[in-house]
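K.L.:
No sequence on hand, only this structure:
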């Protein structure tokens, strides 16, 4: 059984930074495209960033480009999301996701994922 466990959420002020981690167990992490989604208060879940199996190509939602960086350590089965210059509108529950049907991020960009973490709360105050 695949498990995705996110950590690293918290509360920061505008302009602050946080790094989220997602540890994956149960399957061959290094073969999958991985990504991050978020769901803000009263909003639908939205795509944030995704990464190919080898970590060499990433795709970002426009509002986070230049502020967020997605990376992975396949040796440790871990996905990261480094977030900087945080804004109140980044406040959300952040979810780690995996697309086990593909090594490339294209499906994740369209919201296609078959494994999800439980989410970690990020709160940015002004």
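P.N.:
Now that the structure is in, tell me what you want to look at. Note that the coordinates shown come from a computational prediction; the quantities given were computed from them, not determined experimentally.
K.L.:
A helix includes residue 75, no?
P.N.:
Yes - counting by DSSP: H, G, I helix; E, B strand; the rest coil, one finds residue 75 located in a helix.
K.L.:
tell me the contacts of residue 118?
P.N.:
4-6, 95 (CB atoms under 8 Å, 6 or more residues apart in numbering). Bear in mind the C-beta positions are built from the backbone N, C-alpha and C, glycine included.
K.L.:
Is it possible to get JSON lines of these that adds pLDDT and distance to residue 54?
P.N.:
Listed next are those as JSON lines, based on pLDDT from 0 to 100; distance: CB to CB, whole Å:
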{"residue": "4", "pLDDT": "95", "distance to residue 54": "19"}
{"residue": "5", "pLDDT": "96", "distance to residue 54": "22"}
{"residue": "6", "pLDDT": "97", "distance to residue 54": "22"}
{"residue": "95", "pLDDT": "98", "distance to residue 54": "22"}
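K.L.:
for the residues you listed, which one is nearest residue 38?
P.N.:
When the contacts of residue 118 are compared for distance to residue 38 (CB to CB), residue 95 wins out at 6.9 Å.
K.L.:
which residues does the most centrally placed residue in the chain contact?
P.N.:
The chain has residue 36 as the residue nearest its centroid, 2.2 Å off, counting by CA atoms, centre = their mean. By CB under 8 Å, 6+ apart, the residues touching residue 36 are 20, 22, 48-50, 70, 79, 81, 94-97.
K.L.:
which of these tops the neighbour count?
P.N.:
Neighbour tally across the contacts of residue 36 (other CB atoms under 10 Å): the maximum, 30 neighbours, falls on residue 79.
K.L.:
Let me see the ranges of the strands in the protein.
P.N.:
3-7, 10-13, 18-25, 33-39, 46-51, 58-60, 68-73, 78-83, 92-99, 115-116, 120-125 (DSSP state E).
K.L.:
want to try CSV for the contacts of residue 118, with distance to residue 12 as columns?
P.N.:
Formatted as CSV, those follow (distance: CB to CB, whole Å):
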residue, distance to residue 12
4, 23
5, 21
6, 16
95, 19
